[in-house]
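Asker: sequence? don't have it. structure:
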């Protein structure tokens, strides 16, 4: 079974703090994704990576950056957290095939005070 | 552009009722279509998929048929259970090397005993 783990289930940070969200997968997938999930908006893609050290912006990259130094690990960074970044963050992985699924982690619920 | 539209919730049903959650899409080319389910407090998991026109995906009593002529992928179940209470997301993958998904906004299903 594919396993995708995220570093925290719940996180509370203060405005202006630097926040790291980590995602680790054990399936040797090429592609990794970060989404945020908000009520009424569904899932929106923040960033994705299709190889080590490679990254591309998704639909809502502003205020975020990412890092992928190893194939199995993909980090989402909030350089200076703001209250409008309070959300559920979901990591996913996939093997780059149109017909195949993405596999999701359990999510991190981030609250920025 | 590519997009997914699904019916807004919440959908509230009694146990053993028939379920339909509508999903329509706009896409260039020949996307794959997916239904994901998110149980309370968890990440998303694949429920079913269809990769070409007229394919029927099925799992756990749920079904959806890929209808190219109506650009639809409606989710159905003949008899819902309380344990089916969750948020359901319709999604498409239009291809390319990165296996990106586009999600609908999600539909909350609440099944009452």
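Answerer: That came in fine, so what should we check first? The structure displayed is predicted, hence computed values, not measured ones.

Asker: list the contacts of residue 24.
Answerer: No chain specified, so I'll use chain A. Contacts of residue A:24 were listed using CB atoms under 8 Å, 6 or more residues apart in numbering or on different chains, and they are A:4-5, A:72-73. Every C-beta, even on glycine, is put in place using the N, C-alpha and C of the backbone.

Asker: chain B is the one I meant
Answerer: B:4-6, B:70-73.

Asker: with adjacent residues omitted, what lies nearest to residue B:54?
Answerer: Leaving aside its chain neighbours, residue B:54 sits nearest to residue B:66 (6.3 Å; criterion: CB to CB, 6 or more residues apart in numbering or on different chains).

Asker: can you tell me the element residue 92 falls in?
Answerer: No chain in the question, so chain A it is. Here residue A:92, judged by DSSP states H and E, is contained in strand A:87-94.

Asker: not what I meant, chain B
Answerer: Going by DSSP H and E, residue B:92 is in strand B:86-93.

Asker: partners of that strand in the sheet?
Answerer: strand B:32-38 (antiparallel), strand B:102-103 (antiparallel), strand B:107-112 (antiparallel) (DSSP bridges).

Asker: and that strand, how far from the chain's centre?
Answerer: 5 Å (CA atoms, centre = their mean, to the nearest Å).

Asker: just read off the phi/psi values of residue B:84.
Answerer: According to degrees, to the nearest 10, the main-chain angles of residue B:84 amount to phi -80, psi -10.

Asker: what stretches of the chain score poorly on pLDDT?
Answerer: Just going to use chain A. Along chain A, segments meeting pLDDT under 70 span A:2, A:98-99.

Asker: not quite, I wanted chain B
Answerer: In the prediction, chain B carries residues with pLDDT under 70 at positions B:95-99.

Asker: what strand or helix carries the spatially most central residue of chain A?
Answerer: Nearest to the mean C-alpha position of chain A, counting by CA atoms, centre = their mean, stands residue A:34 at 2.8 Å. Residue A:34 is part of strand A:31-38, with elements assigned from DSSP H and E.

Asker: ok now do the residue lying closest to residue B:6 once chain neighbours are set aside, which residues does it touch?
Answerer: Among residues not flanking residue B:6 along the chain, residue B:104 sits closest, at 3.6 Å (CB to CB, 6+ apart). Counting by CB under 8 Å, 6+ apart, residue B:104 touches A:42, B:4-6, B:23, B:89-91.

Asker: if any of those residues are buried, give me the PyMOL selection for them.
Answerer: The PyMOL selection below is limited to those of the contacts of residue B:104 classed as buried (16 or more other CB atoms under 10 Å in any protein chain shown):
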select buried, (chain A and resi 42) or (chain B and resi 4+6+23+89+90+91)
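
Asker: please produce JSON lines containing the contacts of residue B:104, extended by distance to residue A:59.
Answerer: As requested, the contacts of residue B:104 are exported to JSON lines (distance: CB to CB, whole Å):
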{"residue": "A:42", "distance to residue A:59": "11"}
{"residue": "B:4", "distance to residue A:59": "13"}
{"residue": "B:5", "distance to residue A:59": "16"}
{"residue": "B:6", "distance to residue A:59": "18"}
{"residue": "B:23", "distance to residue A:59": "20"}
{"residue": "B:89", "distance to residue A:59": "16"}
{"residue": "B:90", "distance to residue A:59": "17"}
{"residue": "B:91", "distance to residue A:59": "14"}
